[in-house]
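Engineer: what follows is a predicted protein model with its sequence.
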Protein chains: 2
Amino acid sequence: MIRTVEFSKTDITGGFWKQKQDLVRKTSIKAVYDRFKETGRFDAVKCDWKEGMPLKPHFFWDSDIAKWMEGVAYLTEKKREPRLEKLVDETVDLIEKNQGADGYFNIYFTVVAPESRFKNRDWHELYCAGHLMEAAVAYYKATGKRKFLDIMCKYADYIEKRFKIDKDTEFVTPGHEEIELALVRLYEETGEKRYLELSEFFINSRGKQDEMLDGRINNRYNQSHLPVREQTTAEGHAVRAVYLYCGMADIAYHTGDAELKKACETIFNNIVEKRMYITGGIGSSSCGEAFTVDNDLSNLLAYTETCAALGLALFANRMLRFEADSKYSDTVERVIYNGFMSSLSLDGKSFFYENPLEVIPYLHTRDKSNHAGMIHWPPMQRSEVFGCSCCPPNITRFIPSIANMLYSESENTIYVHQFMQSRTEIERSGKTIVIEQKTRYPENGKVEIKVSGGDTRLAVRIPGWCDSYEGETVKGYAYFDVKEGQTLAFDFNMRVKLIEARPEVIFDCGRFAVMRGPIVYCMEAVDNGDILRDIRLSARSRFKYGKHQELGVPKLTVKAYRRQRDDGGPMYYERKEQLIETEATLIPYYAFANRGTTEMQVWHFVK
Amino acid sequence: MIRTVEFSKTDITGGFWKQKQDLVRKTSIKAVYDRFKETGRFDAVKCDWKEGMPLKPHFFWDSDIAKWMEGVAYLTEKKREPRLEKLVDETVDLIEKNQGADGYFNIYFTVVAPESRFKNRDWHELYCAGHLMEAAVAYYKATGKRKFLDIMCKYADYIEKRFKIDKDTEFVTPGHEEIELALVRLYEETGEKRYLELSEFFINSRGKQDEMLDGRINNRYNQSHLPVREQTTAEGHAVRAVYLYCGMADIAYHTGDAELKKACETIFNNIVEKRMYITGGIGSSSCGEAFTVDNDLSNLLAYTETCAALGLALFANRMLRFEADSKYSDTVERVIYNGFMSSLSLDGKSFFYENPLEVIPYLHTRDKSNHAGMIHWPPMQRSEVFGCSCCPPNITRFIPSIANMLYSESENTIYVHQFMQSRTEIERSGKTIVIEQKTRYPENGKVEIKVSGGDTRLAVRIPGWCDSYEGETVKGYAYFDVKEGQTLAFDFNMRVKLIEARPEVIFDCGRFAVMRGPIVYCMEAVDNGDILRDIRLSARSRFKYGKHQELGVPKLTVKAYRRQRDDGGPMYYERKEQLIETEATLIPYYAFANRGTTEMQVWHFVK
């Protein structure tokens, strides 16, 4: 059995992720708090809102503050932050104060709609409970303070009573999944098997009766169109979907349910083979924030919610507990460096909810009438907070715990899934194995992995984009018997590649993406002039790797061609192909939109 | 002063337009009638509908039957159709019977909402009146029967009284333009100057006060955002827009209003230089069926309503009365052979409302939830009738009168704008000049124009796509002094061209259209296999011109390349560019979607 090595065992000591973790610690966590404070989310926990007062609580606010607290917990795990910890403690005290004698806690259903408790499947009640449970577990692990955990165990007990024992609720399974995976975390921490069984109950009940409660919502939207074991494609609201798949993977992992594991594998394959952008973004339609059909991956209209990308990484990382297969860890890598990382501004203060792969500003002004059929365009600039602000606190809990993606271990092997400058201590049969990674990854592909404290078998992922590795691999992993004190050295060749998508992905036909190692590069008009679609990258020229001085991120430059402009000419004319030689500048996709609104594209024409 | 030579002077004697006119006479006119009869439109003229009865009249039904009657009039002009004429006569009798003593006639505002007469600007009341006026004029000219014309004059008088004299209506100008151009036709036929002045009143009043009556509708949507003389771009609902521009051109023509003429020219230029598809389609967004912003010409989401295309041809043809400039007549040609002609199925029985330039069937199934943000995709198959069925009877009135586009005349010159196998008699200072065109155009570019009955100066449009003509031209026209009996012979070289769009039209960047003469060609998957975007036409090879046996239309074939498929491969992979040589088959765009739902594209990749 393979176990994830928890992030708490790892210190990220430099490089890309250290910089991002410092940014979250110094800036983002406070930025999210300030916006949530301003918008009433924290004060709402007092549960003293009354009709007519401003800042009416929304039914998902519990989850916003829960995810923020979870982020604080992860930061605290590595270095205590007394001011933040105090804010969490105060919030927990308020939760305790306002928890019902029966164990129930939910802001909205206490102050706004108390008569509707457990009556509306799509009002995120169990979703909020799930996020509070995750936060409670994380906070207990980080601080040893049990209060929050006890509160949430009591609430979980109450949920079990109402949904599983008394069955007197007006719906059976949550309209927005999350509690499934959260209950498993509660089980993992407390050892209380009833929580695992309650999660299993929710998962097994899903899609077994008509759970439609609202004409707006269809069964596919919240993955209730089929019993979960019969689902073979990723459907509906993408965040709901990946949270469910995480829960399914958790249950399959803890119960050994082979059928459920098989369903997870089938759905995972459907995602990464048919429904995922090159950035790891998923959920291509704003209509229901949803998965659509195979190969429908519009770059301009990509919805690709941050939470969905992050959820895909969580799902993929969970699948690595069944077997070390680089299709999972390659996906984690694709997400964390691209479609997830784009969500955070370089200054750490603002956030993308949607992460499109092409931005053409003038199109956003096309619909001037408010008739039906107006197209939803992804915002072109990050925001500090959203009405539905699920993404920002998801970012601030994900980055501090990124090292969860780094290693897993089985009885005789430690698996190295990702590469980060870091030091990790793993307790194994009484010994403390220390693994140190020395690397500037993803700046270059050189990685030294030093093992001390004992011998071990190491399985190292050879990245899917790397074709320079010549050793033997099994499902993308190279296996080594490593002696105490030994260092494995790798040099994954990060030559720049032009990438094409399968023909079926019609939006990418005739166009090519640029990748260097795991990083997807994009062009912005601010570097290259407007009308990026008119630039043709030279397919025969070498890309030069350097540093973008203004942004402080890497850049690529390459010879390119641009059509000659003829401003007075006709709209349509016989093919001239008058190309002017120029140089194109590309930056990592994750760094786009940090210099104002400007055209951007990931898929380029080449010549 | 240049006058249009009315279609009634011309017999189209063979070729493309004879075939289309025969199709309308034999099939389409009856098909439209049958569907309108079934859906209650004709019976509604009895004005005996009551609440609770089926087939509730809609507020634009008057216009549907009016346009159908106008089509019958045009067919009748060339050859009487007793059965159809009887149907018109019966309908006119019902209109007469149900016309108010005051002159008012409108089905909806008689039987459904009599209390709302002239109260709701956007309910198409004056639009319906306008179409009835056009039909009445046409029917009088074709048959000499005055009854319908008298009815409509009486109605026009009443409208004048209410809107212009008493000013007791709840809006000033119509929310859907049409009556402006119709009143001018009424004036041209009756010589009653008040009708011209009423039209001028509507045009001059437009955009001068806040005419918003409904939060759904903004001023730009119905061209009321500015006084018409200050408008410089084509805005809002495209059909409304071009009907207004026709009316503006009519008023400028009859009154000599230079400022209004200038506004028409400016708007026309904006359309053809910035807001028109290569097919002549206009109005790129389904949101408000509207013009959007310059260069926003999505092929997949093109709305490009049939009525708007046809209206652009009417507008362009009107502009030819100010001067012979081939930018107008080239636009007429672009529309009538492409974005208009696509609206009619080859069997004459079904119709496109929207005329997209690319169809990818799988995308139409993408949005499975009914949340906000669902994309409106153009239908992929023609329909026999629509809920809002404005397009079919517009087609059946436009094709029989297509020869209106053929000639115009000034005191000393006859202008040849289009090329059709035909015979035309033009009375000029006591003589009957007969012009016979002998041509298989647009099958090839050979045109013989024979003049008899007298000498005349001829100005012949040299098509904008033609670069083989070596004589002198002025604004695209070649001028000849032609003697009685003389024949001018032209051979416009129809070599196939690859066309590119200006860089700003980002949806066409890197892609090329194929034109032969005035005809835009497209590819369909039924001829070429799925994923047309993966085919690259050979830019260096010759196109072969032939006949598509199944469709009975021309076809082009050319060497092409297609990416090798690798069904088991990954979604994203390093550029292989493994191309397999193949042959691509193209058909005229107007013939697409006659063999079931299949992928289609106008803009192709080349190699």
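Structural biologist: Good, I have the coordinates.
Engineer: state the distance from A:Met319 to A:Arg334.
Structural biologist: 14 Å (CB to CB, to the nearest Å). All C-beta atoms are positioned from the backbone trio N, CA, C, and that covers glycine.
Engineer: actually A:Pro54, sorry about that
Structural biologist: Going from A:Pro54 to A:Arg334 by CB to CB gives 43 Å.
Engineer: compare the two and say which is more crowded by neighbours.
Structural biologist: Applying other CB atoms under 10 Å in any protein chain shown to A:Pro54 and A:Arg334 shows that A:Arg334 carries more neighbours, namely 30 against 6.
Engineer: and the pLDDT for that one?
Structural biologist: On pLDDT, A:Arg334 comes in at 98.
Engineer: try the one 4 residues further on
Structural biologist: Reading off the confidence values, A:Asn338 has pLDDT 98.
Engineer: what does A:Gly215 give?
Structural biologist: pLDDT recorded at A:Gly215 is 47.
Engineer: and for A:Asp122?
Structural biologist: The score at A:Asp122 is 87. That number is its pLDDT.
Engineer: pretty sure it sits against A:His176.
Structural biologist: Yes. A:Asp122 is in contact with A:His176 according to CB atoms under 8 Å; the separation is 7.1 Å.
Engineer: what sits in contact with each of the two?
Structural biologist: A:Asn222 (CB atoms under 8 Å, 6 or more residues apart in numbering or on different chains).
Engineer: who has more neighbours, those two?
Structural biologist: Neighbours were counted for A:Asp122 and for A:His176 using other CB under 10 Å; A:His176 has more, 22 against 19.
Engineer: for the more buried one, which non-adjacent residue is closest in space?
Structural biologist: A:Tyr127 (4.0 Å; CB to CB, 6 or more residues apart in numbering or on different chains).
Engineer: residues near the one you found, how many?
Structural biologist: Neighbours around A:Tyr127, by other CB under 10 Å: 26.
Engineer: in what helix or strand does the nearest residue to A:Glu472 once chain neighbours are set aside lie?
Structural biologist: Nearest residue to A:Glu472 in three dimensions, chain neighbours excluded: A:Ala478, at 6.8 Å (CB to CB, 6+ apart). Element membership for A:Ala478 (DSSP states H and E) is strand A:477-482.
Engineer: using CSV, list the CA coordinates for stretch A:66-77.
Structural biologist: The C-alpha coordinates for stretch A:66-77 follow below in CSV (Å, rounded to 0.1, in the frame of the first residue of the first chain):
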residue,chain,number,x,y,z
ALA,A,66,-12.8,27.5,6.2
LYS,A,67,-10.4,27.3,3.3
TRP,A,68,-8.6,30.4,4.6
MET,A,69,-8.2,28.9,8.0
GLU,A,70,-6.9,25.7,6.4
GLY,A,71,-4.3,27.8,4.6
VAL,A,72,-3.3,29.4,7.9
ALA,A,73,-3.0,25.9,9.4
TYR,A,74,-0.6,24.8,6.6
LEU,A,75,1.5,28.0,7.0
THR,A,76,1.5,27.4,10.8
GLU,A,77,2.7,23.9,10.3
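Engineer: which other residues reach it?
Structural biologist: Identification of contacts with stretch A:66-77 by CB under 8 Å, 6+ apart yields A:7-8, A:24-25, A:29, A:32-33, A:36, A:81, A:84-85, A:87-88, A:91-92, A:128, A:131-132, A:134-135, A:138-139, A:141-143, A:148, A:390, A:393-394, A:396-397, A:400-401.
Engineer: 6 Å - rerun?
Structural biologist: Residues from elsewhere that reach stretch A:66-77 (CB atoms under 6 Å, 6 or more residues apart in numbering or on different chains): A:8, A:25, A:29, A:32, A:81, A:84, A:88, A:131-132, A:134-135, A:138-139, A:142, A:393-394, A:396-397, A:400-401.
Engineer: how far does that stretch sit from its chain's centre?
Structural biologist: Counting by CA atoms, centre = their mean, to the nearest Å, stretch A:66-77 is centred 16 Å from the centre of its parent chain.
Engineer: quick one: average pLDDT of that stretch?
Structural biologist: Rounded mean pLDDT across stretch A:66-77 is 98.
Engineer: low-scoring stretches of chain A, by residue?
Structural biologist: A:209-217 (pLDDT under 70).
Engineer: quick one: the helices in the stretch 301-450 of chain A?
Structural biologist: Taking DSSP state H, counting those that start in this stretch to define them, one finds helices in the stretch 301-450 of chain A at A:306-319, A:326-334, A:391-398.
Engineer: check the stretch 501-607 of chain A too.
Structural biologist: Assigned by DSSP H, counting those that start in this stretch, the helices in the stretch 501-607 of chain A fall at A:525-528.
Engineer: enumerate the residues of it near chain B.
Structural biologist: Contacts of the stretch 501-607 of chain A with chain B, taken as CB under 6 Å from any CB of the partner chain, map to A:501-503, A:506, A:509-510, A:512, A:531, A:533-534, A:563, A:571-572, A:574-575, A:605.
Engineer: surely A:Ile151 is in a helix?
Structural biologist: Yes. Assessed with DSSP: H, G, I helix; E, B strand; the rest coil, A:Ile151 lies in a helix.
Engineer: how close does the residue nearest the centre of chain A get to B:Arg220?
Structural biologist: Geometric centre of chain A, nearest residue: A:Leu310, 0.6 Å, by CA atoms, centre = their mean. Going from A:Leu310 to B:Arg220 by CB to CB gives 41 Å.
Engineer: residues from the stretch 251-400 of chain A in reach of chain B?
Structural biologist: By the rule CB under 6 Å from any CB, the part of the stretch 251-400 of chain A lying against chain B is A:273, A:278, A:285-288, A:290, A:292-293, A:296, A:360, A:362-363, A:365-369, A:371, A:373-374, A:376.
Engineer: count the residues that sit near A:Ala129.
Structural biologist: 26.
Engineer: pull the CA atoms of whichever helix or strand it is part of into PDB?
Structural biologist: Per DSSP H and E, A:Ala129 falls inside helix A:125-143. Extracted in PDB, the C-alpha atoms of helix A:125-143 (Å, rounded to 0.1, in the frame of the first residue of the first chain):
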ATOM      1  CA  GLU A 125     -24.700  23.000   3.200                       C
ATOM      2  CA  LEU A 126     -22.700  19.800   3.300                       C
ATOM      3  CA  TYR A 127     -20.000  21.400   1.100                       C
ATOM      4  CA  CYS A 128     -19.500  24.100   3.800                       C
ATOM      5  CA  ALA A 129     -19.400  21.400   6.400                       C
ATOM      6  CA  GLY A 130     -16.800  19.500   4.400                       C
ATOM      7  CA  HIS A 131     -14.500  22.500   4.200                       C
ATOM      8  CA  LEU A 132     -14.800  23.200   7.900                       C
ATOM      9  CA  MET A 133     -13.900  19.600   8.600                       C
ATOM     10  CA  GLU A 134     -10.800  19.900   6.400                       C
ATOM     11  CA  ALA A 135      -9.800  23.100   8.200                       C
ATOM     12  CA  ALA A 136     -10.400  21.600  11.600                       C
ATOM     13  CA  VAL A 137      -8.200  18.600  10.800                       C
ATOM     14  CA  ALA A 138      -5.400  20.800   9.400                       C
ATOM     15  CA  TYR A 139      -5.600  23.200  12.300                       C
ATOM     16  CA  TYR A 140      -5.400  20.400  14.900                       C
ATOM     17  CA  LYS A 141      -2.400  18.900  13.100                       C
ATOM     18  CA  ALA A 142      -0.600  22.200  12.900                       C
ATOM     19  CA  THR A 143      -1.300  23.400  16.400                       C
END
